[in-house]
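Novice: just to be clear, the model below is a prediction. Sequence and coordinates:
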2 protein chains.
Amino acid sequence: MRSDRAATLQDIADRLGVSRSTASFAITGRGRVSEEMRRRVQEVAAELGYRPNTVARNLRGARTGMIALRLPPDSTAMSYYMEATFGIVEEADRAGMIVFMLPTEQRPEGVDQLPADAVIALDPALDDPVVHLLLSGRVPVITGEPVPEGMPSPRGEVTSDHEPAVRELMDHLHQRGMAHPAIVLPDLQSHWAFTVRDVFAAWCAEQGIRPRVVTLPHPAAPEVIHGAVADLLREQDHPVDAILSVSDGTVLSVVTSAQSLGRRVGEDLLVAAFVDSEVLALAQPSITAIDLHPREFGRRCVRAALAAIDAAAAGDDRVVRELVPVAVQRRDSTRGPVAR
Amino acid sequence: MRSDRAATLQDIADRLGVSRSTASFAITGRGRVSEEMRRRVQEVAAELGYRPNTVARNLRGARTGMIALRLPPDSTAMSYYMEATFGIVEEADRAGMIVFMLPTEQRPEGVDQLPADAVIALDPALDDPVVHLLLSGRVPVITGEPVPEGMPSPRGEVTSDHEPAVRELMDHLHQRGMAHPAIVLPDLQSHWAFTVRDVFAAWCAEQGIRPRVVTLPHPAAPEVIHGAVADLLREQDHPVDAILSVSDGTVLSVVTSAQSLGRRVGEDLLVAAFVDSEVLALAQPSITAIDLHPREFGRRCVRAALAAIDAAAAGDDRVVRELVPVAVQRRDSTRGPVAR
DNA sequence: CTGAAAGCGCTAACAG
DNA sequence: CTGTTAGCGCTTTCAG
């Protein structure tokens, strides 16, 4: 029954012998139109399988109905970003918006004028030129995690509430007998990496413990991780009894390295990660980690983006801020000594 | 120097005292326009920071410039999809197109009339109603992996060349001493899962080996996997000496379960996965897997999509087909007995 | 309560 | 070689 080309407002109007505008008002529910008319329009619309042409609608409204999403380069392995992305897509969909992904190797040309109403940039890194361009462009940018010092300010910032969780994790490890912790950091120029490092250091200082920090290239090859773990476990004076790995991919290598060096993870060596992922629950022993609630985080990014779009339209240049709670997932890798 | 609103073709035209169309032709390079004129237009365009308004351009061209991407539900953990997505985004970008993601919980309403020039659906599952809707909709669909029997045919199919790789993997395991293999399958209604199962069964039949197939819910909880592995290893008559796990998340649990049951993976138990991911190289022992080249796969999907778009415009309804080679990554988990 | 008409920014006949 | 003009499908004043 339906023709090859999509039905337009004009088709509906013609069918009813009314004008386009009447049909439009009836469909959007915005204008003054009789109840009877609205009913008939809806009916014909349904019959013709009418879908408003979003392109035309957006052209008219000087909007695009789109949110651009920038993930950090080299993020492909982290399920965190995948989850966050789905959260973003889900919430955008509820607002009738579409999420498109920026290519990792974005050509800088034109990136300051994307066909989008807002950009969401997750974990913006200080050394990511694309993010710099984005931030100085025309479209409002919301970052997932704040921008590191030295970058232009975004129009919105959604932040995970890392500090209390990191402290809770440290306290938990302490309770389970940790005396000589080490942290394995990726060399990422992101706010998240910086925060975790600083809170770790602060906690250690408060406890009068020497903070051992190992920085590894990102992404790190297994041998590199293995070497770093071996170094930590072989230290003569105070062999490490807990290793905190910032990224979830790395922690698996940490565990297997430690095991191959004769350590029993969860017993004589505690291990945890600062970002959770499905495989950490599947591993054996299961690995304690901080659940960053990426899906909810993504949803909040979209809400911040919508707020920023409205604000920008109203000439309001306040920065939207949101804080997302996170949770420590205690698992077997930090259960502590079975027998002393 | 640049005003608040974005520059338009009219702005350029006014500045040069020419007409919009001249500016348009000069920018797109399509029309007949003097070299001199083109140069001046380009110059002013650069100066004003002109970017063509894609929304307007697409409205005019009755196109959207967008490709919709549908990932299977419950795919969040698999890095395969993330890689494939980046390949898709990258290649689409080269063609000046944008990739937006469909929400997992897509409302069926209107899905047959998406604002997209093509849809790419990865691993379409027989029981996914959204894919059915998509396939009977107006916009051409390209599937990554063929649709299972019983679904409408898509306009394009990109397939991984699984069979030779699965055979190569089986031969490899056989060489390394495998006598009693088992396969652990997720209960996915996808072509991929069906193919892998069938090739496994065929290979076993040719060798006169009894094919042991265990089907697990997807996603499977670690205890479930552990239970299945325990059953396989405890079989009295012919305890299994090789476990093939279809999904990459599951294989990690298989390894740790086997280890906790006293097996030495890579020595007295061979383990491999049918889809590779970064963590499999990082695990210890590193795990043999089939590298599906997801990035390249994604790129091919886009090329097929572009071909399908052109074909559809030309009224041509041939189905575009592509076969992507895959590669077995041999790692420590299938090294075989150190000493017999 | 409804119709006519303008226009969002762009492209592509068709004239000159 | 360039200008004029007519839309793409939609929303939204402004008249009636």
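Specialist: Received, thanks. Predicted model, so just to flag it, every value in this text is computed and none were measured. Residues are numbered from 1 along each chain as shown, chains lettered A, B, ... in the order given.

Novice: which elements pack onto the strand or helix carrying A:Q42?
Specialist: For A:Q42, the host element (DSSP states H and E) is helix A:35-48. In terms of contacts (3 or more Cβ pairs under 8 Å, 6 or more residues apart in numbering or on different chains; DSSP states H and E), helix A:35-48 is packed against helix A:9-16, helix A:20-28. Any C-beta I mention is one placed from the backbone N, CA and C, and that applies to glycine too.

Novice: buried residues, that helix. List them.
Specialist: Neighbour counts over helix A:35-48 (16 or more other Cβ atoms under 10 Å in any protein chain shown) mark A:38, A:40-41, A:44-45, A:48 as buried.

Novice: contact partners for the residue lying closest to A:A121 once chain neighbours are set aside?
Specialist: In this structure, A:A121 finds its nearest non-sequential neighbour in A:R70, 4.2 Å apart by Cβ to Cβ, 6 or more residues apart in numbering or on different chains. Contact analysis of A:R70 by Cβ atoms under 8 Å, 6 or more residues apart in numbering or on different chains lists A:102, A:106, A:119-122, A:124, A:130-131, A:134.

Novice: A:T334 - how many residues pack around it?
Specialist: 28 (other Cβ atoms under 10 Å in any protein chain shown).

Novice: shaky segments in chain A?
Specialist: Applying pLDDT under 70 to chain A flags residues A:1-4, A:31, A:76-77, A:338-340.

Novice: just the helices in it please.
Specialist: Counting by DSSP state H, chain A has helices at residues A:9-16, A:20-28, A:35-48, A:54-60, A:79-94, A:129-135, A:162-175, A:191-207, A:222-234, A:248-260, A:278-282, A:294-313.

Novice: need those helices in a markdown table (columns: distance to B:P154).
Specialist: Converted to a markdown table, the helices of chain A look like this (distance: least, Cβ to Cβ, whole Å):
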| stretch | distance to B:P154 |
| --- | --- |
| helix A:9-16 | 28 |
| helix A:20-28 | 31 |
| helix A:35-48 | 26 |
| helix A:54-60 | 24 |
| helix A:79-94 | 22 |
| helix A:129-135 | 34 |
| helix A:162-175 | 44 |
| helix A:191-207 | 40 |
| helix A:222-234 | 39 |
| helix A:248-260 | 34 |
| helix A:278-282 | 30 |
| helix A:294-313 | 29 |
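
Novice: now render those helices as CSV, adding distance to DNA strand C.
Specialist: As requested, the helices of chain A are arranged in CSV below (distance: least, Cβ to the nearest atom of the strand, whole Å):
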stretch, distance to DNA strand C
helix A:9-16, 7
helix A:20-28, 3
helix A:35-48, 4
helix A:54-60, 4
helix A:79-94, 23
helix A:129-135, 20
helix A:162-175, 42
helix A:191-207, 36
helix A:222-234, 49
helix A:248-260, 43
helix A:278-282, 45
helix A:294-313, 15
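
Novice: can you give me the distance of A:A314 to chain B?
Specialist: When distance is defined by Cβ to the nearest Cβ, to the nearest Å, A:A314 is 14 Å away from chain B.

Novice: and what of A:A92?
Specialist: Going from A:A92 to chain B by Cβ to the nearest Cβ gives 8 Å.

Novice: A:G137 now?
Specialist: A:G137 is 10 Å from chain B, by Cβ to the nearest Cβ.

Novice: contacting residues for that residue?
Specialist: A:111-114, A:119.

Novice: burial of A:R60, as a residue count?
Specialist: A total of 10 residues lie near A:R60 under the criterion other Cβ under 10 Å.

Novice: right, and the helices of chain A - which one's nearest B:A327?
Specialist: Smallest distance to B:A327 across the helices of chain A (Cβ to Cβ): 19.5 Å, for helix A:222-234.

Novice: what about the closest one, distance to the chain center?
Specialist: For helix A:222-234, the separation from the chain centroid amounts to 29 Å (computed by Cα atoms, centre = their mean, to the nearest Å).

Novice: picking up where we left off before, from the contacts of A:R70, which would you call buried?
Specialist: A:102, A:106, A:119-122, A:124, A:130-131, A:134.

Novice: and the residues you listed, which of them are in strands?
Specialist: A:119-122 (DSSP state E).

Novice: between which two of those is the distance greatest?
Specialist: Of all pairs in those, the most separated under Cβ to Cβ is A:V119 and A:L122 at 10.6 Å.
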